[in-house]
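Chemist: need a structure here:
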Amino acid sequence: MNNRRKAGPARLAVLLIGLSVFACRRVPESRPAPATTTPTAATKTDASGRKVLYWYDPMAPGSKFDRPGKSPFMDMELVPKYADEETAGGNAPSAAAVRLSPEAIRATGIATVSVTRGSVSNEIRAVGTIEIDETRQVRVSARVGGRLEKLFADFTGQRVEKGAPLYEIYSPDLVATEREYLLALENRRRLAEASADDVRGADDLVAAARERLHLWGIGPGQVAELERTGQPELRLLYRSPIAGTVLQKMAVEGQYVAEGTELYLLADLSSVWLVARVYEHELGGLRAGQPVEATVSALPGRSFRGRIAFIDPVLDRDTRSARVRIALPNPSGSLKPGMYADARLEFPTAAALVIPRSALIDTGARRIVYVEVEPNVFRARDVVAGTRSGDSVAVLSGLKEGERVVAAANFFVDSQAQLSSGSSIQWSGALDVREPTAEPSKETTP
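Modeler: Numbers count the residues shown, from 1 in each chain. Predicted coordinates for the structure are as follows:
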């Protein structure tokens, strides 16, 4: 009975050893044998006579095989790596060509476009607010001290026309000056038959009294009415100097005011300013007089055309931007000060070579595009980029008209160039095919 209990664990151990030996046996696969070492010299040539170092899967650039065939990872042909595509110097990437199979191009969605000649419209977008045109503001002050008898513009926001009544005032000083003017006129009539010196003195008195009335804001029409009636006006009327809107009212009826007291702030809102903030790097292309299109969220579907009136000469140190004042016509009064607005400033540039923006790889230090030098073969080329607008970018040098550049999946082409040249180790070896060496099995007898 004890012998049976001891034999049970022994048989179980033998069974487990047999299963492990069976699991370690590798099922042979019909795929190319991987390169166990990185070749240092070309040992094979293809049909074109070019020396081949190894073959690799474009979708797994870290893999290396000693012979062509189907990829074990994807159902596509392996791509040869030629000796003349190796990196110059071993570290820095050269302008080696990247050759991809048609299957890899279709699988990754690589697309090329032709380099064309045209003009790129430089567009600047900025945000700002609608403000009052400072050149169209007027402050109305009391021209003479006295008591405000009547305010015709008696609330803020009221619209007034040019020459419309604003207020009436009673001023003892003004009434006294009117009486002096009437007396001077009477004195000149009496001295009409007197000597020339007396007539000249009477004319001087009339002119001095009239000038004082003009300085106190009495217009020619009111002076003519005073001469016609011969009676001083106890309540003199003052009219609006402009057509506009009452922004501020600083007086009430019956108030006594001194000369120079501010009564109204008027503004002509038929033209307003859009004060936009434009960043430092965008200011170089702006000039006074350039056209601008503006939109406001309060009026969807409508746009307003204007022109740059002034660019501030001083930059804001905190925001690295300058204020740009854009004059916008506002005959209907739809644009109200305080509204937020979007400005679009667009002006064409000189003719240049144009490529899609997606074709340009900007590393910060370099700007690169991949050119299709022959079918399915791509080579990196440094370019000098110019103005960018929307989906297009101007190229100042580095390309020729008619050449085809990679406009889609160019980052995949760039990764193939880096991985195949050895300049990037991010994925190097990550996809190498490593097959374990089969160890000879040891037979165990139970």
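Chemist: Now the element after the worst-scoring helix or strand of the chain on mean pLDDT, going C-ward?
Modeler: In the chain, no helix or strand scores lower on mean pLDDT, DSSP states H and E than helix 2-24, which sits at a mean of 45. Counting by DSSP states H and E, the element after helix 2-24 in chain order, helix or strand, is strand 44-45.
Chemist: Give me the average confidence score over that next one.
Modeler: Strand 44-45 shows an average pLDDT of 74 in the prediction.
Chemist: and what of stretch 114-127?
Modeler: Rounded mean pLDDT across stretch 114-127 is 85.
Chemist: hmm, who's touching it?
Modeler: 276-278, 282, 285-286, 324, 340-355, 386-390, 392-395, 399-405 (C-beta atoms under 8 Å, 6 or more residues apart in numbering). Glycine gets a C-beta too; all of them are placed from N, C-alpha and C.
Chemist: how long is that stretch end to end?
Modeler: This stretch, stretch 114-127, spans 36 Å end to end (C-alpha to C-alpha, to the nearest Å).
Chemist: By neighbour count, which bits of it are buried? Give me those.
Modeler: Neighbour counts over stretch 114-127 (16 or more other C-beta atoms under 10 Å) mark Val115, Val120, Asn122, Ile124, Ala126 as buried.
Chemist: Export those as a markdown table, with columns for secondary structure and distance to Lys64.
Modeler: Formatted as a markdown table, the buried residues of stretch 114-127 follow (DSSP: H, G, I helix; E, B strand; the rest coil; distance: C-beta to C-beta, whole Å):
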| residue | secondary structure | distance to Lys64 |
| --- | --- | --- |
| Val115 | coil | 35 |
| Val120 | coil | 44 |
| Asn122 | strand | 48 |
| Ile124 | strand | 50 |
| Ala126 | strand | 54 |
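Chemist: Distance to Arg320 for the residues you listed - can I get that in TSV?
Modeler: Putting the buried residues of stretch 114-127 into TSV (distance: C-beta to C-beta, whole Å) gives the following:
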residue	distance to Arg320
Val115	34
Val120	25
Asn122	19
Ile124	15
Ala126	13
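Chemist: Closest to Val369 out of those?
Modeler: Nearest to Val369, judged by C-beta to C-beta, of the buried residues of stretch 114-127 is Val115 at 8.9 Å.
Chemist: List phi and psi for that closest one.
Modeler: Phi and psi for Val115, reported as degrees, to the nearest 10, are phi -80, psi 120.
Chemist: Ok, the one 4 residues further on next?
Modeler: Backbone dihedrals for Ser119, given as degrees, to the nearest 10, come out at phi -120, psi 140.
Chemist: Would you map the helices across this structure?
Modeler: 2-24, 102-108, 172-190, 196-215, 220-229, 410-421 (DSSP state H).
Chemist: looking at the ones you listed, which is buried most?
Modeler: Comparing the helices of the chain by mean neighbour count (mean count of other C-beta atoms under 10 Å), helix 410-421 ranks first with a mean of 21.
Chemist: Quick check: mean pLDDT of that helix?
Modeler: Helix 410-421 comes out at a mean pLDDT of 78.
Chemist: Counting by contacts, list what it packs against.
Modeler: strand 60-65, strand 97-99, strand 361-362, strand 367-374, strand 377-382 (3 or more C-beta pairs under 8 Å, 6 or more residues apart in numbering; DSSP states H and E).
Chemist: Save those strands as TSV, and put in mean pLDDT too.
Modeler: Listed next are those as TSV, based on pLDDT from 0 to 100:
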stretch	mean pLDDT
strand 60-65	72
strand 97-99	82
strand 361-362	88
strand 367-374	91
strand 377-382	90
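Chemist: export these to CSV and tack on mean neighbour count and distance to Ile308?
Modeler: Shown next, in CSV, are the helices and strands packed on helix 410-421 (neighbours: other C-beta atoms under 10 Å; distance: least, C-beta to C-beta, whole Å):
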stretch, mean neighbour count, distance to Ile308
strand 60-65, 20, 52
strand 97-99, 21, 47
strand 361-362, 14, 30
strand 367-374, 19, 31
strand 377-382, 18, 36
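Chemist: Nearest residue to Arg239 in space, please, no chain neighbours.
Modeler: Gly163 (5.1 Å; C-beta to C-beta, 6 or more residues apart in numbering).
Chemist: For Gly219, see how far away that neighbour is.
Modeler: Distance of Gly163 to Gly219, computed by C-beta to C-beta, to the nearest Å: 10 Å.
Chemist: Could you do Lys400 as well?
Modeler: Lys400 is 74 Å from Gly219, by C-beta to C-beta.
Chemist: quick check: domain ranges of the chain?
Modeler: 111-119+351-408, 123-134+269-348, 143-263 (automatic domain parsing).
Chemist: can these go into TSV with extra columns for distance to Lys51?
Modeler: Putting the domains of the chain into TSV (distance: least, C-beta to C-beta, whole Å) gives the following:
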stretch	distance to Lys51
domain 111-119+351-408	16
domain 123-134+269-348	49
domain 143-263	84
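Chemist: of all these, which lies closest to Ala104?
Modeler: domain 111-119+351-408 (8.8 Å).
Chemist: Pick out the residue nearest the middle of this structure.
Modeler: Nearest residue to the geometric centre of the chain (C-alpha atoms, centre = their mean): Arg125, 4.2 Å.
Chemist: what ranges of the chain fall below the confidence cut-off?
Modeler: 1-43, 47-48, 59-62, 84-96, 348-350, 419-446 (pLDDT under 70).
Chemist: bridging residues for the residue lying closest to Asp154 once chain neighbours are set aside?
Modeler: Nearest residue to Asp154, sequence neighbours excluded (C-beta to C-beta, 6+ apart): Lys249, at 7.1 Å. Here Lys249 shows beta-bridge partners Tyr264, assigned using DSSP bridges.
Chemist: again, but for Thr129
Modeler: Bridge pairing for Thr129 - DSSP bridges - gives Val275, Tyr340.
Chemist: Quick one: residues contacting it.
Modeler: Leu274, Val275, Pro337, Gly338, Met339, Tyr340, Ala341.
Chemist: Could you measure from it over to Ala394?
Modeler: In terms of C-beta to C-beta, Thr129 sits 33 Å off from Ala394.
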